[in-house]
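# Here is a sequence with its predicted model. Questions after.
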Amino acid sequence: MKKTSLVLVLLLSLATVGFAQGASEKKATSAASGSPKISDILVVGRLNDAAYLDPNAPSVGGAEVNVTQQIYEGLVTVSDDGTSIIPCLASDWTISDDGLTYTFNLVPGVKFSDGTPVTGADWEWSLLRARDLETSAYRFIAEAIDTVKATDSQVVITLKYPWAPFLADLACFNMVVGSKAHYDALGEDAYLNNPLGTGPYMLKEWKKENYILLEANPYYRQAGYPKTKQLKFQIISDDNTRMMQLQAGQVDVCGDVPFTLVQPMKNEKNITIQVFPSTQIRYLILNTTKAPFDDIRVRQALVHGIDKQEISDLVAGEFGAPVAALVSEAEGKWFNGDLKVAAYEPEVSKKLLADAGYTSPVPFTISIRSGSAIYEQIATLLKSQLDKAGFDVTIEELERASISAKYSSLSHQATILQWVDDITDPSGLTGWTVDYDQSNAWYTGLKDEELDALNVAASRELDETKRIAMYHEIQQRVADNANVIPLFRNGFAYAYDKNVEGLYISPFSVVSYKNVVKYVK
């Protein structure tokens, strides 16, 4: 199932212009020196530790996925440019005419990192666990599966009903193969933190809140990979400290660089800055189960009190733009371009609040993750704008575990989150946003049964033209509900040592470190 996005292609063509300074010099230096030495270890500086290292764990986000992507693999994956589904552990596949049966021929000889072969039983167990594990927040990705029958050379998946995004779903980070024998030996709790996969790396050591150290999988199916022997994810809980350690040569790669630091870092002669095209959007999430956002009039008033253009300009600068639609425009035809960014009209906000019975500023708290300069900037700007529009905003900073527990239990009033598409289809994002059973409708607590039914129907509709119209309607209804408010889109900003080569981040935030090296003298 191939999906091509004109916007994405254009973004990709412009992505690295002016940012990958030093790349040509590095290649020239490498060529001149003959055979430069590759460092045995690559150090990635990141804000947060992982909660688990199982892609079907109870809590899974970027902090987990960026690690598990190096350890686990699935039947298919997304192409580097994000426009198509390509083989991974399946060499090829066929789909029955009724859209219910998917048959995958497997790459022969694949082994787990402990040297044991991948069997049909492993595939059956892994895919059914992805569907059935009640504590997994992403089990919805596999919910269309009826049966899985596998041998050591073939996997046959039968669906309960036609499911248009299923091939894209199989490229999701949780639809991977794990070792049933390893699970049986450890048990559920231990398995969550002791991964065993077929990917280029395997876990060597994990010091919680300090670092995660991976080492090369000696049984990896692709000869010569990974190119670097060890991959270390160093936890550095403050953005400024991360950048200082990069400058000092203590870390080699930093992602999610605050855009206010991009230009200063570009002036560092030993650092390369690259902004990759992305599907990332930042959102304001409102809890509709608590006052004041249980009143849709208050939520609508808030929309008119936000100057998205100012937020985008000051936080992301030239690398971002304000947005109105839930779905990224990088998703092409699925994006509802008819939705327009609301004008900043604080007086309209005040009138709507008065109509809702509020005669004094409406107090509420925005809870954000501590240590992130980007979230701090967004929250500060929102407070400045909304305090002029009839609200009284307080900002609360919490460390990752605390804020996750707060919004997961619907104990917050508002929070700022982000989304990067996991698959080349809008169904993942729309399901997360409107399906109450998945995530309390993205931690907003809004039960819109009619919208939920429309989202399910869109995934079961095989006529693409009809699906597009349905997803456009879903985005319009989300905008009308004003519980999930898109703020701005931005690229992925990475800073890395000038001697690092091979780094590439797909628009879906797939980061494969198997190609990445750091040259040393």
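Happy to help now that I have it. Numbering: from 1, shown residues only.
# What pLDDT is listed against Ala144?
On pLDDT, Ala144 comes in at 96.
# Would you confirm that it contacts Thr158?
No. Taking contacts as Cβ atoms under 8 Å, Ala144 lies outside contact range of Thr158: 9.9 Å. The way it works is simple: take the backbone N, C-alpha and C, and place the C-beta from them, glycine included.
# neighbour-wise, which of the two wins?
More crowded of Ala144 and Thr158, by other Cβ atoms under 10 Å: Ala144, with 21 against 15.
# got the contact list for that one?
Neighbouring residues of Ala144 by Cβ atoms under 8 Å, 6 or more residues apart in numbering: Leu159, Lys160, Tyr161, Trp163, Phe166, Asp169, Ser459.
# Just give me the closest of the residues you listed to Trp442.
The closest of the contacts of Ala144 to Trp442 turns out to be Ser459 (Cβ to Cβ; 17.1 Å).
# Could you check how many residues crowd around that closest one?
25.
# related to what we said a few turns ago, and of the contacts of Ala144, the nearest to Ala137?
Asp169 (14.6 Å).
# which residues does the closest one contact?
Taking Cβ under 8 Å, 6+ apart, one finds Ile141, Ala142, Ala144, Trp163, Met175, Ile423, Asp425, Ser427, Gly428 in contact with Asp169.
# In CSV: the residues you listed, plus distance to Ala248 and secondary structure.
Shown next, in CSV, are these (distance: Cβ to Cβ, whole Å; DSSP: H, G, I helix; E, B strand; the rest coil):
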residue, distance to Ala248, secondary structure
Ile141, 41, helix
Ala142, 44, helix
Ala144, 49, coil
Trp163, 50, coil
Met175, 40, coil
Ile423, 38, coil
Asp425, 42, coil
Ser427, 44, helix
Gly428, 39, helix
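# for those residues, which one is nearest Asp497?
Ile423 (31.8 Å).
# you'd agree the closest one is up against Asn174?
No. Ile423 is beyond contact range of Asn174, at 10.8 Å (criterion: Cβ under 8 Å).
# More neighbours: the two, which one.
Asn174 (25 against 22).
# Quick check: the gap between the residue of the chain positioned farthest from its centre and Lys308.
The centre of the chain is farthest from one residue, Thr359, which by Cα atoms, centre = their mean lies 40.5 Å away. From Thr359 over to Lys308 the distance is 27 Å, taken as Cβ to Cβ, to the nearest Å.
# Same question for Asp435.
From Asp435 to Lys308 the distance is 26 Å (Cβ to Cβ).
# For these two, indicate the residue with more neighbours.
Lys308 (24 against 18).
# Need the residues touching each of Ile423 and Asn174.
With Cβ under 8 Å, 6+ apart as the test, Ile423 and Asn174 both reach Ile141.
# Can you say which of the contacts of Ala144 are buried?
Burial by neighbour count, judged by 16 or more other Cβ atoms under 10 Å, picks out Leu159, Trp163, Phe166, Asp169, Ser459 from the contacts of Ala144.
# could you say which helix or strand contains Val155?
strand 154-159 (DSSP states H and E).
# Check which helices and strands that strand is in contact with.
With contacts taken as 3 or more Cβ pairs under 8 Å, 6 or more residues apart in numbering; DSSP states H and E, strand 154-159 sits against strand 101-106, helix 120-132, strand 145-150.
# possible to save those as CSV with mean neighbour count?
Shown next, in CSV, are the helices and strands packed on strand 154-159 (neighbours: other Cβ atoms under 10 Å):
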stretch, mean neighbour count
strand 101-106, 18
helix 120-132, 20
strand 145-150, 17
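# Asn483: which of these is closest?
helix 120-132 (28.0 Å).
# residues in contact with that closest one?
By Cβ under 8 Å, 6+ apart, helix 120-132 touches 56, 136, 138-139, 141-143, 145, 148-152, 154-155, 157, 174-180, 183.
# and it, C-alpha only, in CSV?
Listed next in CSV are the C-alpha coordinates belonging to helix 120-132 (Å, rounded to 0.1, in the frame of the first residue of the first chain):
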residue,chain,number,x,y,z
GLY,A,120,6.7,-19.4,13.4
ALA,A,121,5.6,-19.8,17.1
ASP,A,122,7.5,-16.6,17.8
TRP,A,123,5.5,-14.7,15.2
GLU,A,124,2.2,-16.1,16.3
TRP,A,125,2.9,-15.2,19.9
SER,A,126,4.2,-11.8,19.2
LEU,A,127,1.4,-10.5,17.0
LEU,A,128,-1.3,-12.0,19.2
ARG,A,129,0.3,-10.5,22.2
ALA,A,130,0.3,-7.1,20.5
ARG,A,131,-3.4,-7.5,20.0
ASP,A,132,-4.4,-9.0,23.4
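# Report the rounded mean pLDDT for stretch 269-283.
pLDDT averaged over stretch 269-283 gives 95.
# repeat for stretch 319-336
96.
# Offset the numbering so it begins at 346, please.
From this message on, residue numbering opens at 346, which makes the last subject stretch 664-681.
# end-to-end on that stretch?
21 Å (Cα to Cα, to the nearest Å).
# Over to stretch 538-558?
First residue to last in stretch 538-558 (Cα to Cα) measures 13 Å.
# separation between Leu512 and Tyr447?
7 Å.
# which neighbours do those two share?
In contact with both Leu512 and Tyr447: Ile440, using Cβ under 8 Å, 6+ apart.
# What about Ala669, how many residues nearby?
Neighbours of Ala669 (other Cβ under 10 Å): 18.
# List the single closest residue to it in space, sequence neighbours excluded.
Leu684 (4.1 Å; Cβ to Cβ, 6 or more residues apart in numbering).
# Isn't the one you found up against Ala670?
Yes. Using Cβ under 8 Å, Leu684 makes contact with Ala670 at a distance of 4.6 Å.
# what's the first-to-last distance across stretch 509-516?
End-to-end for stretch 509-516, by Cα to Cα: 14 Å.
# so what's the most centrally placed residue in the chain up against?
Geometric centre of the chain, nearest residue: Val765, 3.7 Å, by Cα atoms, centre = their mean. Contacts for Val765 (Cβ under 8 Å, 6+ apart) come out as Gly407, Ser623, Thr624, Gln625, Phe853, Ser854.
# wouldn't the fifth one be in contact with Asp766 here?
Spelled out, it's Phe853. Yes. Using Cβ under 8 Å, Phe853 is in contact with Asp766, at 5.4 Å.
# Give the residues shared as contacts by those two.
Shared contacts of Phe853 and Asp766, counting by Cβ under 8 Å, 6+ apart, come down to Thr624.
# unless I'm mixing things up, Lys553 is touching Ala396, no?
No. Here Lys553 lies out of contact with Ala396, judged by Cβ under 8 Å, at a distance of 9.7 Å.
# who has more neighbours, the two?
Shown here are Lys553 and Ala396; by other Cβ under 10 Å, Ala396 has more neighbours (19 against 11).
# Which element, helix or strand, includes that one?
Going by DSSP H and E, Ala396 is not in any helix or strand.
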